[in-house]
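>>> sequence unknown, structure follows:
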């Protein structure tokens, strides 16, 4: 069943996902139950919200027929989100169960880095699927300009000082560069490219799911870069408002998946 342009399922993912993320952050901010409880709420709440996004995206992928490119593309994106959740589970185990501060770099980063393999492959393969259908020059140039500008802004505002700090270890510097670079080059650039390409096809409806992906990836890029800066300043702790960025970013990716399903496999109107 549909409500307006989106199905009720899509509206539920959008509204419930965003509401759940905000509620988690509000509970943390309230300090209910003390610091240890707030940390547990933040960690477990994030796992549940982002885990929901992974389930929605994977289920959406499996709704497409076997062998269809959309199935493989969105399944890779969903698995990428699920891998990120595994990193959060390791983080929560360290912090909530063992009562230790998760190190940076640390074991969770293995999963966070692996996420880019799946998410990047899904988005890049989707971009390549439109090769030859329309004129590619303008979308390619435009997406490159947007990506370079975004990467430069993140570098100048948030990353540069960390890179130049001699007290920061090499691996920490490498991850500090990798996360925002991965967000912009592997995720944001191909997603923007897709939006610009599919907007030339028909009425441009196929661009709507990818606009949600672009928005989600942009939020993730900002969250990652701000986290690196806060960690460098010693100002980050679990439950910081920046945690909301990761939850919202992945919820928007799940909404994009659900919108794609609405377009390709619309529910019968009764």
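Received it, and whenever you're ready, just let me know what you need. What you are looking at is a predicted structure, and each value in this text was computed from that prediction instead of being measured.
>>> Could you use CA atoms for every contact and neighbour count after this?
OK.
>>> Where in the protein is the helix or strand with the lowest mean pLDDT?
Per-element confidence for the chain was summarised using mean pLDDT, DSSP states H and E. The lowest value among helices and strands belongs to strand 2-3, with a mean of 44.
>>> for the record, mean pLDDT for stretch 192-202?
Averaged over stretch 192-202, pLDDT sits at 78.
>>> where are the low-confidence patches of the stretch 101-250 of the chain?
Within the stretch 101-250 of the chain, the ranges that satisfy pLDDT under 70 run 132-134, 200-204.
>>> one more time with 80, if that's ok
Across the stretch 101-250 of the chain, the ranges flagged by pLDDT under 80 are 130-138, 157-159, 198-206.
>>> continuing past the least confident helix or strand of the chain, what's the next helix or strand?
Stepping forward along the backbone from strand 2-3, the first helix or strand reached (DSSP states H and E) is strand 6-7.
>>> The spatially closest residue to residue 242 that is not a sequence neighbour sits in which helix or strand?
Nearest non-adjacent residue to residue 242, counting by C-alpha to C-alpha, 6 or more residues apart in numbering: residue 223, 5.9 Å away. Element membership for residue 223, per DSSP H and E: helix 207-233.
>>> Which secondary structure elements does that helix sit against?
In terms of contact count using 3 or more C-alpha pairs under 8 Å, 6 or more residues apart in numbering; DSSP states H and E, helix 207-233 is assigned the packing partners helix 170-181, helix 189-198, helix 243-264.
>>> can you state the direction angle for that helix and helix 243-264?
If you take axes from the mean of the first three to the mean of the last three C-alpha atoms, to 10 degrees, helix 207-233 sits at 170 degrees to helix 243-264.
>>> What are the buried residues along helix 207-233?
Judged by neighbour count (16 or more other C-alpha atoms under 10 Å), helix 207-233 contains these buried residues: 207-230, 232.
>>> do the same with stretch 90-101
Of all the residues in stretch 90-101, those buried under the rule 16+ other C-alpha under 10 Å are 90, 91, 92, 93, 94, 95, 96.
>>> contacts for stretch 23-35?
Here stretch 23-35 makes contact (C-alpha atoms under 8 Å, 6 or more residues apart in numbering) with 37, 38, 39, 41, 42, 45, 46, 239, 241, 243, 244.
>>> neighbours of residue 242, just the number please.
Residue 242 is flanked by 19 other residues according to other C-alpha atoms under 10 Å.
>>> quick one: residue 196 and residue 139 touch, right?
Yes - taking contacts as C-alpha atoms under 8 Å, residue 196 lies within contact range of residue 139: 5.3 Å.
>>> What distance do you get for the closest residue in space to residue 119 that isn't next to it in sequence to residue 43?
Counting by C-alpha to C-alpha, 6+ apart, residue 119 lies nearest to residue 77, which is 4.4 Å off, once chain neighbours are set aside. Distance from residue 77 to residue 43, counting by C-alpha to C-alpha, to the nearest Å: 22 Å.
>>> So if I had to pick from these two, which one is more boxed in?
Between residue 77 and residue 43, counting by other C-alpha under 10 Å, residue 77 is the more crowded of the two (27 against 23).
>>> what residues are up against the more buried one?
If you count contacts by C-alpha under 8 Å, 6+ apart, then residue 77 has 57, 58, 118, 119, 120, 121, 122, 123 around it.
>>> Closest one to residue 70 out of these, please.
Using C-alpha to C-alpha, residue 122 is the member of these that lies nearest residue 70, at 9.1 Å.
>>> Is the closest one in a helix, a strand, or coil?
The three-state label given to residue 122 by DSSP: H, G, I helix; E, B strand; the rest coil is helix.
>>> Go through the buried residues of stretch 90-101 and flag which are in helices.
90, 91, 92 (DSSP state H).
>>> Distance check, the residue nearest to residue 119 against residue 102.
26 Å.
>>> Let me see the confidence value for the nearest residue to residue 241 once chain neighbours are set aside.
Residue nearest to residue 241 in three dimensions, not counting chain neighbours: residue 25, with 7.0 Å by C-alpha to C-alpha, 6+ apart. In the predicted model, residue 25 carries a pLDDT score of 94.
>>> Fine by me, we can end here.
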